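[1] From the sequence below, what's the structure:
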Amino acid sequence: TKNWLQCPQYELIKVKAAFWGREDQSTCPKAPAGLTTERLCGTNPANTTQKVKGQCENEQACELVASNIFFDDNTCGNVYKYLKV
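    Numbering: from 1, shown residues only. Got it, this is the predicted structure:
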């Protein structure tokens, strides 16, 4: 899934933290076939934040791809994950 972050004109993105995984079962509850929301799982928070900063820090807008490939992390297996920034 791709999504854009965008600031108002003359403002820049500052990333404080990012989370890639699943902390609860109520966020993004409808998992595609083959994936589950039943298991909670967090991935490497330092890696996640670093990747998001590399893409967005000090930019007026940026596109993020929420995927195992972008975060180079498949530690959660078939858990349906989401990105929080």
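[2] quick one, helices of the protein?
    Secondary structure of the chain (DSSP state H): helices at 45-56, 68-71.
[3] now the first one: how far from the chain's centre is it?
    For helix 45-56, the distance from its own C-alpha centre to the chain's C-alpha centre is 9 Å (C-alpha atoms, centre = their mean, to the nearest Å).
[4] Using PDB, write out every CA atom in it.
    Taking Å, rounded to 0.1, in the frame of the first residue of the first chain, the C-alpha atoms of helix 45-56 are listed here in PDB:
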ATOM      1  CA  PRO A  45      11.500   0.100  15.500                       C
ATOM      2  CA  ALA A  46      15.000   1.700  14.800                       C
ATOM      3  CA  ASN A  47      15.000   0.300  11.200                       C
ATOM      4  CA  THR A  48      11.400   1.400  10.600                       C
ATOM      5  CA  THR A  49      12.000   4.900  11.800                       C
ATOM      6  CA  GLN A  50      15.300   5.100   9.800                       C
ATOM      7  CA  LYS A  51      13.600   4.000   6.600                       C
ATOM      8  CA  VAL A  52      10.800   6.500   7.000                       C
ATOM      9  CA  LYS A  53      13.200   9.300   7.800                       C
ATOM     10  CA  GLY A  54      15.300   8.400   4.800                       C
ATOM     11  CA  GLN A  55      12.200   8.800   2.600                       C
ATOM     12  CA  CYS A  56      10.500  11.800   4.200                       C
END
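[5] and that helix, what does it pack onto?
    The contact analysis (3 or more C-beta pairs under 8 Å, 6 or more residues apart in numbering; DSSP states H and E) places helix 45-56 against strand 19-22, strand 61-65, helix 68-71. (Glycine included, C-beta is placed from N, CA and C.)
[6] for those, which one ends up most surrounded?
    Greatest average neighbour count among those goes to strand 19-22 (a mean of 22), per mean count of other C-beta atoms under 10 Å.
[7] For residue 2, give me its contacts.
    Residue 2 sits next to 63, 64, 65, 66 when contact means C-beta atoms under 8 Å, 6 or more residues apart in numbering.
[8] OK, contacts around the third one?
    Looking back up the chat, that one is residue 65. Per C-beta under 8 Å, 6+ apart, neighbours of residue 65: 1, 2.
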